[in-house]
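# fold the following for me, if possible:
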Amino acid sequence: MKFHTSIIRAKYRNALAKTAAFIIKASDPHSRPAPTSPDSAKKFLIIRLDRVGDMLLTTPVFESIKKNIPGSSVTVLLNKYSRGVLKNSPYVDNIIEYGSKEAVKTASALYDAAVVLTYDFDLKSALACYKSGAAIRAGFKDKYTDAFYTVEIEKDPQGKYEARRNIELMRKAGFKLAYYNPALFVSAQEDAEAAQFYAENGIGAKDLVVGLHPGSKRKPRRWPVNSFACAASILREKYGVKLVISAGPGECRLSRGLNKLLGGKVPVLRPSSITGWAAVYKRMNLFICGDTGPIHIAMAVGLPIVGIYGKSDYIRWAPADNSKLAILSGKKCADIGVFEVVSAAERLLAEQTHK
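Model prediction:
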(Lines give C-alpha, C1' and ligand atoms only; values in the text may rest on other atoms or scores of the structure.)
Protein backbone atom coordinates (compact mmCIF):
# COMPACT_ATOMS: atom_id res chain seq x y z
CA MET A 1 0.00 0.00 0.00
CA LYS A 2 1.34 3.41 -0.99
CA PHE A 3 1.95 5.65 2.00
CA HIS A 4 1.21 9.23 1.12
CA THR A 5 3.49 11.99 2.42
CA SER A 6 0.37 14.13 2.98
CA ILE A 7 -0.59 11.75 5.83
CA ILE A 8 2.82 12.27 7.44
CA ARG A 9 2.52 16.05 7.08
CA ALA A 10 -0.98 16.07 8.58
CA LYS A 11 0.14 14.01 11.59
CA TYR A 12 3.19 16.22 12.04
CA ARG A 13 1.08 19.41 11.98
CA ASN A 14 -1.37 17.88 14.44
CA ALA A 15 1.44 16.91 16.82
CA LEU A 16 2.93 20.41 16.66
CA ALA A 17 -0.44 22.03 17.38
CA LYS A 18 -1.08 19.69 20.30
CA THR A 19 2.38 20.36 21.76
CA ALA A 20 2.06 24.15 21.39
CA ALA A 21 -1.38 24.13 23.03
CA PHE A 22 -0.06 22.01 25.92
CA ILE A 23 2.93 24.31 26.50
CA ILE A 24 0.72 27.43 26.49
CA LYS A 25 -1.74 25.97 28.96
CA ALA A 26 0.98 24.57 31.21
CA SER A 27 3.21 27.66 31.30
CA ASP A 28 0.47 30.29 31.30
CA PRO A 29 -2.75 28.89 32.78
CA HIS A 30 -4.23 32.38 32.97
CA SER A 31 -3.50 33.21 29.30
CA ARG A 32 -7.14 34.08 28.58
CA PRO A 33 -7.52 37.78 29.49
CA ALA A 34 -10.72 39.17 30.98
CA PRO A 35 -13.49 39.45 28.37
CA THR A 36 -13.71 42.78 26.59
CA SER A 37 -16.71 44.15 24.75
CA PRO A 38 -16.23 44.09 20.95
CA ASP A 39 -17.87 47.53 20.90
CA SER A 40 -14.79 49.00 22.59
CA ALA A 41 -12.28 47.52 20.14
CA LYS A 42 -10.46 50.09 18.00
CA LYS A 43 -7.04 48.62 17.29
CA PHE A 44 -7.24 45.52 15.08
CA LEU A 45 -4.66 42.94 14.02
CA ILE A 46 -5.96 40.85 11.11
CA ILE A 47 -3.92 37.72 10.38
CA ARG A 48 -3.93 36.06 6.96
CA LEU A 49 -0.91 33.93 6.09
CA ASP A 50 -2.14 32.03 3.04
CA ARG A 51 -2.31 32.85 -0.67
CA VAL A 52 -2.78 36.02 -2.72
CA GLY A 53 -6.37 35.20 -3.66
CA ASP A 54 -7.25 34.60 0.00
CA MET A 55 -5.84 37.99 0.93
CA LEU A 56 -7.82 39.69 -1.83
CA LEU A 57 -11.00 38.10 -0.49
CA THR A 58 -10.14 39.51 2.93
CA THR A 59 -10.14 43.15 1.75
CA PRO A 60 -13.87 43.59 2.58
CA VAL A 61 -12.96 43.14 6.25
CA PHE A 62 -10.50 46.04 6.18
CA GLU A 63 -12.94 48.34 4.41
CA SER A 64 -15.78 47.41 6.74
CA ILE A 65 -13.75 48.00 9.90
CA LYS A 66 -12.68 51.46 8.75
CA LYS A 67 -16.16 52.44 7.57
CA ASN A 68 -18.17 51.01 10.46
CA ILE A 69 -15.94 51.48 13.51
CA PRO A 70 -15.01 55.17 13.96
CA GLY A 71 -11.44 55.79 15.04
CA SER A 72 -10.32 52.25 14.24
CA SER A 73 -6.88 51.23 12.99
CA VAL A 74 -6.12 48.11 10.93
CA THR A 75 -2.82 46.23 10.94
CA VAL A 76 -2.45 43.20 8.68
CA LEU A 77 -0.02 40.36 9.32
CA LEU A 78 0.65 38.55 6.04
CA ASN A 79 3.15 36.62 3.97
CA LYS A 80 5.48 38.74 1.87
CA TYR A 81 4.03 37.65 -1.47
CA SER A 82 0.52 38.86 -0.48
CA ARG A 83 1.65 42.40 0.32
CA GLY A 84 0.93 43.69 -3.18
CA VAL A 85 -2.81 43.09 -2.70
CA LEU A 86 -2.89 45.94 -0.19
CA LYS A 87 -0.86 48.40 -2.23
CA ASN A 88 -2.63 51.80 -2.36
CA SER A 89 -5.39 50.60 0.01
CA PRO A 90 -6.93 53.43 2.05
CA TYR A 91 -8.30 50.93 4.57
CA VAL A 92 -5.05 49.48 5.94
CA ASP A 93 -2.90 51.48 8.37
CA ASN A 94 0.01 49.10 8.80
CA ILE A 95 1.35 45.97 7.08
CA ILE A 96 3.61 43.48 8.83
CA GLU A 97 5.32 40.64 6.99
CA TYR A 98 5.42 37.35 8.85
CA GLY A 99 8.96 36.49 9.96
CA SER A 100 10.17 40.10 9.87
CA LYS A 101 11.70 41.96 12.82
CA GLU A 102 8.53 44.03 13.01
CA ALA A 103 6.43 40.88 13.43
CA VAL A 104 8.28 40.09 16.66
CA LYS A 105 7.00 43.37 18.11
CA THR A 106 3.30 42.60 17.61
CA ALA A 107 2.98 41.46 21.22
CA SER A 108 3.84 44.96 22.48
CA ALA A 109 1.49 46.79 20.12
CA LEU A 110 -1.51 46.72 22.50
CA TYR A 111 -4.12 45.47 20.05
CA ASP A 112 -7.72 45.35 21.19
CA ALA A 113 -8.56 42.49 18.83
CA ALA A 114 -6.55 39.96 16.84
CA VAL A 115 -8.44 37.84 14.33
CA VAL A 116 -7.29 34.85 12.25
CA LEU A 117 -9.43 34.57 9.13
CA THR A 118 -7.99 31.30 7.81
CA TYR A 119 -10.76 28.68 7.77
CA ASP A 120 -8.50 25.66 8.30
CA PHE A 121 -6.34 25.71 11.41
CA ASP A 122 -2.84 27.09 10.87
CA LEU A 123 -0.42 26.95 13.79
CA LYS A 124 1.67 29.94 12.67
CA SER A 125 -1.44 32.11 12.50
CA ALA A 126 -2.79 30.85 15.83
CA LEU A 127 0.53 31.51 17.60
CA ALA A 128 0.72 35.03 16.14
CA CYS A 129 -2.80 35.65 17.40
CA TYR A 130 -1.93 34.37 20.87
CA LYS A 131 1.31 36.37 21.06
CA SER A 132 -0.54 39.59 20.17
CA GLY A 133 -1.84 39.68 23.73
CA ALA A 134 -5.15 41.12 22.55
CA ALA A 135 -8.10 40.70 24.90
CA ILE A 136 -10.18 39.54 21.94
CA ARG A 137 -8.42 36.78 20.03
CA ALA A 138 -10.77 35.21 17.51
CA GLY A 139 -10.69 32.50 14.89
CA PHE A 140 -12.50 29.41 13.67
CA LYS A 141 -12.83 26.67 16.28
CA ASP A 142 -10.66 23.60 15.84
CA LYS A 143 -9.14 20.84 17.92
CA TYR A 144 -6.70 22.90 20.01
CA THR A 145 -7.79 26.50 19.41
CA ASP A 146 -8.98 27.08 23.00
CA ALA A 147 -5.31 27.58 23.93
CA PHE A 148 -4.83 30.35 21.35
CA TYR A 149 -8.18 32.13 21.05
CA THR A 150 -10.50 33.77 23.55
CA VAL A 151 -13.36 33.70 21.03
CA GLU A 152 -13.82 30.49 19.02
CA ILE A 153 -16.21 30.63 16.10
CA GLU A 154 -17.97 27.42 15.10
CA LYS A 155 -17.36 26.43 11.48
CA ASP A 156 -20.31 26.48 9.12
CA PRO A 157 -20.23 23.25 7.06
CA GLN A 158 -22.34 24.84 4.31
CA GLY A 159 -20.48 26.18 1.30
CA LYS A 160 -20.02 29.93 1.34
CA TYR A 161 -18.12 32.55 -0.65
CA GLU A 162 -14.86 33.20 1.19
CA ALA A 163 -15.25 36.99 1.24
CA ARG A 164 -18.66 36.69 2.90
CA ARG A 165 -17.40 34.02 5.30
CA ASN A 166 -14.71 36.43 6.49
CA ILE A 167 -17.29 39.10 7.31
CA GLU A 168 -19.48 36.48 8.97
CA LEU A 169 -16.63 35.46 11.28
CA MET A 170 -16.12 39.09 12.29
CA ARG A 171 -19.85 39.46 13.00
CA LYS A 172 -19.97 36.27 15.09
CA ALA A 173 -17.01 37.61 17.06
CA GLY A 174 -19.21 40.59 17.93
CA PHE A 175 -18.13 43.26 15.44
CA LYS A 176 -20.92 45.12 13.63
CA LEU A 177 -19.65 45.08 10.08
CA ALA A 178 -21.28 45.40 6.66
CA TYR A 179 -20.26 43.51 3.53
CA TYR A 180 -18.32 45.15 0.69
CA ASN A 181 -16.98 43.54 -2.45
CA PRO A 182 -13.26 42.66 -2.65
CA ALA A 183 -11.29 45.58 -4.06
CA LEU A 184 -7.92 46.60 -5.45
CA PHE A 185 -6.71 50.18 -5.75
CA VAL A 186 -4.84 51.25 -8.88
CA SER A 187 -2.64 54.35 -8.83
CA ALA A 188 -2.57 57.01 -11.54
CA GLN A 189 0.94 55.88 -12.49
CA GLU A 190 -0.20 52.27 -12.88
CA ASP A 191 -3.09 53.43 -15.06
CA ALA A 192 -0.64 55.34 -17.25
CA GLU A 193 1.66 52.31 -17.50
CA ALA A 194 -1.31 50.14 -18.53
CA ALA A 195 -2.26 52.63 -21.23
CA GLN A 196 1.35 52.54 -22.47
CA PHE A 197 1.30 48.71 -22.54
CA TYR A 198 -1.76 48.76 -24.81
CA ALA A 199 -0.40 51.53 -27.04
CA GLU A 200 2.94 49.78 -27.52
CA ASN A 201 1.11 46.63 -28.60
CA GLY A 202 -1.18 48.38 -31.07
CA ILE A 203 -4.39 47.97 -29.05
CA GLY A 204 -6.71 50.97 -29.23
CA ALA A 205 -9.47 52.21 -26.93
CA LYS A 206 -12.20 50.91 -29.28
CA ASP A 207 -10.76 47.41 -29.67
CA LEU A 208 -12.40 44.42 -28.01
CA VAL A 209 -9.75 42.91 -25.75
CA VAL A 210 -9.80 39.35 -24.40
CA GLY A 211 -7.33 38.32 -21.71
CA LEU A 212 -6.06 34.75 -21.38
CA HIS A 213 -4.41 33.26 -18.32
CA PRO A 214 -3.45 29.61 -18.92
CA GLY A 215 -1.38 29.12 -15.76
CA SER A 216 -2.02 27.76 -12.29
CA LYS A 217 0.33 26.26 -9.73
CA ARG A 218 -2.08 23.34 -9.44
CA LYS A 219 -2.06 21.29 -12.64
CA PRO A 220 -5.64 19.93 -12.25
CA ARG A 221 -6.87 23.54 -12.39
CA ARG A 222 -5.25 24.22 -15.78
CA TRP A 223 -7.34 24.20 -18.93
CA PRO A 224 -5.19 22.71 -21.74
CA VAL A 225 -3.13 25.25 -23.71
CA ASN A 226 -4.44 23.77 -26.96
CA SER A 227 -7.99 24.46 -25.81
CA PHE A 228 -7.08 28.04 -24.89
CA ALA A 229 -5.60 28.51 -28.37
CA CYS A 230 -8.67 27.08 -30.12
CA ALA A 231 -11.13 29.22 -28.16
CA ALA A 232 -9.03 32.37 -28.60
CA SER A 233 -8.63 31.75 -32.33
CA ILE A 234 -12.40 31.40 -32.77
CA LEU A 235 -13.06 34.66 -30.89
CA ARG A 236 -10.33 36.46 -32.83
CA GLU A 237 -11.60 35.28 -36.21
CA LYS A 238 -15.29 35.81 -35.46
CA TYR A 239 -15.17 39.10 -33.53
CA GLY A 240 -11.77 40.58 -34.37
CA VAL A 241 -10.77 40.67 -30.71
CA LYS A 242 -7.27 41.61 -29.63
CA LEU A 243 -5.66 39.10 -27.29
CA VAL A 244 -3.46 39.57 -24.23
CA ILE A 245 -1.81 36.71 -22.33
CA SER A 246 -0.86 37.08 -18.67
CA ALA A 247 1.79 34.90 -17.06
CA GLY A 248 2.66 34.70 -13.38
CA PRO A 249 5.97 33.56 -11.87
CA GLY A 250 6.98 30.17 -13.27
CA GLU A 251 4.33 30.30 -16.02
CA CYS A 252 6.45 31.58 -18.89
CA ARG A 253 6.62 28.14 -20.54
CA LEU A 254 2.82 27.97 -20.68
CA SER A 255 2.49 31.50 -22.02
CA ARG A 256 5.15 30.87 -24.68
CA GLY A 257 3.40 27.69 -25.77
CA LEU A 258 0.04 29.45 -26.04
CA ASN A 259 1.58 32.38 -27.89
CA LYS A 260 3.23 30.05 -30.39
CA LEU A 261 -0.11 28.35 -31.12
CA LEU A 262 -1.67 31.79 -31.69
CA GLY A 263 0.99 32.91 -34.17
CA GLY A 264 3.59 34.29 -31.77
CA LYS A 265 2.51 37.93 -31.83
CA VAL A 266 0.20 38.15 -28.82
CA PRO A 267 1.42 40.61 -26.14
CA VAL A 268 2.29 38.94 -22.85
CA LEU A 269 1.75 40.61 -19.49
CA ARG A 270 4.76 39.50 -17.44
CA PRO A 271 4.95 39.15 -13.64
CA SER A 272 4.70 42.55 -11.99
CA SER A 273 2.73 44.13 -9.17
CA ILE A 274 -0.79 42.88 -8.48
CA THR A 275 -2.24 46.37 -8.84
CA GLY A 276 -0.25 46.81 -12.05
CA TRP A 277 -1.99 43.74 -13.44
CA ALA A 278 -5.32 45.11 -12.23
CA ALA A 279 -4.70 48.30 -14.24
CA VAL A 280 -4.21 46.24 -17.40
CA TYR A 281 -7.09 43.88 -16.67
CA LYS A 282 -9.68 46.59 -16.10
CA ARG A 283 -9.26 47.82 -19.70
CA MET A 284 -10.20 44.39 -21.05
CA ASN A 285 -13.66 43.33 -22.23
CA LEU A 286 -13.33 39.69 -21.20
CA PHE A 287 -11.01 37.40 -19.26
CA ILE A 288 -10.66 33.61 -19.58
CA CYS A 289 -8.99 31.96 -16.61
CA GLY A 290 -9.00 28.98 -14.27
CA ASP A 291 -9.41 28.96 -10.49
CA THR A 292 -6.22 30.79 -9.59
CA GLY A 293 -5.06 34.18 -8.24
CA PRO A 294 -5.58 36.30 -11.39
CA ILE A 295 -9.28 35.43 -11.53
CA HIS A 296 -9.73 37.23 -8.19
CA ILE A 297 -7.83 40.25 -9.53
CA ALA A 298 -10.13 40.31 -12.56
CA MET A 299 -13.23 40.07 -10.38
CA ALA A 300 -11.99 42.87 -8.14
CA VAL A 301 -11.87 45.29 -11.10
CA GLY A 302 -15.29 44.25 -12.40
CA LEU A 303 -14.10 42.40 -15.49
CA PRO A 304 -16.45 39.94 -17.26
CA ILE A 305 -14.93 36.48 -16.80
CA VAL A 306 -15.24 32.96 -18.12
CA GLY A 307 -14.15 31.01 -15.05
CA ILE A 308 -12.96 27.47 -15.79
CA TYR A 309 -13.38 25.95 -12.33
CA GLY A 310 -13.61 22.29 -13.22
CA LYS A 311 -13.97 20.34 -9.98
CA SER A 312 -12.78 23.21 -7.76
CA ASP A 313 -15.02 24.46 -4.97
CA TYR A 314 -16.42 27.39 -6.93
CA ILE A 315 -19.04 28.08 -4.23
CA ARG A 316 -16.20 29.07 -1.88
CA TRP A 317 -14.15 30.99 -4.40
CA ALA A 318 -16.73 32.66 -6.66
CA PRO A 319 -19.57 35.05 -5.72
CA ALA A 320 -22.97 33.62 -6.60
CA ASP A 321 -24.38 37.07 -7.38
CA ASN A 322 -21.79 38.13 -9.99
CA SER A 323 -23.64 38.38 -13.30
CA LYS A 324 -20.33 39.05 -15.08
CA LEU A 325 -18.94 35.64 -14.14
CA ALA A 326 -19.70 32.53 -16.20
CA ILE A 327 -18.80 29.47 -14.11
CA LEU A 328 -17.84 26.28 -15.93
CA SER A 329 -17.62 23.39 -13.50
CA GLY A 330 -18.71 19.86 -12.67
CA LYS A 331 -15.99 17.94 -14.50
CA LYS A 332 -12.23 18.00 -14.87
CA CYS A 333 -10.85 21.20 -16.39
CA ALA A 334 -9.29 19.16 -19.19
CA ASP A 335 -12.74 17.79 -20.07
CA ILE A 336 -14.41 21.20 -20.44
CA GLY A 337 -14.91 21.74 -24.15
CA VAL A 338 -13.84 24.64 -26.33
CA PHE A 339 -17.45 25.16 -27.40
CA GLU A 340 -18.53 25.62 -23.76
CA VAL A 341 -15.93 28.33 -23.21
CA VAL A 342 -16.63 30.08 -26.52
CA SER A 343 -20.39 30.07 -25.86
CA ALA A 344 -19.90 31.63 -22.41
CA ALA A 345 -17.49 34.18 -23.87
CA GLU A 346 -19.92 35.13 -26.64
CA ARG A 347 -22.71 35.69 -24.14
CA LEU A 348 -20.59 38.00 -22.03
CA LEU A 349 -19.30 39.91 -25.06
CA ALA A 350 -22.85 40.29 -26.42
CA GLU A 351 -24.00 41.82 -23.13
CA GLN A 352 -21.40 44.57 -23.61
CA THR A 353 -21.91 45.26 -27.33
CA HIS A 354 -25.72 45.37 -27.01
CA LYS A 355 -25.72 48.05 -24.30
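
# okay, the most centrally placed residue in the chain and Ser216: tell me how far apart.
Nearest to the geometric centre of the chain sits Gly53, at 1.5 Å (C-alpha atoms, centre = their mean). Plainly put, Gly53 is 11 Å away from Ser216 if you go by C-beta to C-beta, to the nearest Å. All C-beta atoms are positioned from the backbone trio N, CA, C, and that covers glycine.

# overlap in contacts, the two.
Contact criterion C-beta atoms under 8 Å, 6 or more residues apart in numbering; residues shared by Gly53 and Ser216: Thr292.

# which residues are contacting stretch 79-97?
Residues contacting stretch 79-97 (C-beta under 8 Å, 6+ apart): 48-52, 54-56, 59, 62-63, 65-67, 73-78, 98-99, 102-103, 106, 184-187, 273-275.

# just the ones of those in strands?
48, 73-78 (DSSP state E).

# how about these in JSON lines, adding distance to Pro294 and pLDDT?
Formatted as JSON lines, those follow (distance: C-beta to C-beta, whole Å; pLDDT from 0 to 100):
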{"residue": "Arg48", "distance to Pro294": "19", "pLDDT": "97"}
{"residue": "Ser73", "distance to Pro294": "31", "pLDDT": "97"}
{"residue": "Val74", "distance to Pro294": "25", "pLDDT": "98"}
{"residue": "Thr75", "distance to Pro294": "27", "pLDDT": "97"}
{"residue": "Val76", "distance to Pro294": "21", "pLDDT": "97"}
{"residue": "Leu77", "distance to Pro294": "24", "pLDDT": "96"}
{"residue": "Leu78", "distance to Pro294": "19", "pLDDT": "96"}
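
# from these, which is closest to Arg165?
Arg48 (12.6 Å; C-beta to C-beta).

# shouldn't the closest one be in contact with Thr59?
No - applying C-beta atoms under 8 Å as the test, Arg48 and Thr59 come out as separate, 10.1 Å apart.

# now the strands: where do they sit in the chain?
43-48, 73-78, 94-97, 113-116, 136-140, 151-153, 209-213, 242-246, 268-269, 286-290, 305-310, 325-329.

# all helices for the stretch 1-150 of the chain, in order.
5-27, 52-56, 59-68, 101-104, 123-131 (DSSP state H, counting those that start in this stretch).

# quick one: list the elements packing against the second one.
Think helix 52-56. Packing contacts for helix 52-56, counted by 3 or more C-beta pairs under 8 Å, 6 or more residues apart in numbering; DSSP states H and E, involve helix 293-300.

# distance from the helix it packs on to the middle of the chain?
In terms of C-alpha atoms, centre = their mean, to the nearest Å, the centre of helix 293-300 is set 8 Å apart from its chain centre.

# low-confidence bits of the stretch 1-150 of the chain, can you list those?
Scanning the stretch 1-150 of the chain for pLDDT under 70 picks out 1-15, 17-26, 28-35, 107-108.

# could you rerun that using 80?
1-36, 103-109 (pLDDT under 80).

# out of the strands of the chain, deepest packed?
Counting by mean count of other C-beta atoms under 10 Å, strand 113-116 has the highest mean neighbour count of the strands of the chain, with a mean of 29.

# quick one: strands adjacent to that strand?
strand 43-48 (parallel), strand 136-140 (parallel) (DSSP bridges).

# hang on, the earlier thing: I'd like to know which of the contacts of stretch 79-97 are buried.
48-52, 54-56, 59, 62-63, 65-66, 73-78, 98, 106, 184-186, 273-275 (16 or more other C-beta atoms under 10 Å).

# where are the low-confidence patches of the stretch 151-300 of the chain?
Ranges of the stretch 151-300 of the chain meeting pLDDT under 80: 271.

# so which residues make contact with stretch 219-233?
Contacts of stretch 219-233 (C-beta under 8 Å, 6+ apart): 210, 212, 214-216, 243, 254, 257-258, 261-262, 288, 290-292, 308, 310-312, 332-334, 336-338, 341-342, 345.

# go on, stretch 166-178?
Residues contacting stretch 166-178 (C-beta under 8 Å, 6+ apart): 37-39, 41, 57-58, 60-61, 64-65, 67-69, 113, 115, 117, 136, 138-140, 151, 153-154, 156, 160, 179.

# buried residues in it?
Buried residues in stretch 166-178 (16+ other C-beta under 10 Å): 166-171, 173, 175, 177.

# need those residues in CSV (columns: distance to Leu328).
Shown next, in CSV, are those (distance: C-beta to C-beta, whole Å):
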residue, distance to Leu328
Asn166, 26
Ile167, 27
Glu168, 27
Leu169, 30
Met170, 32
Arg171, 32
Ala173, 36
Phe175, 36
Leu177, 33
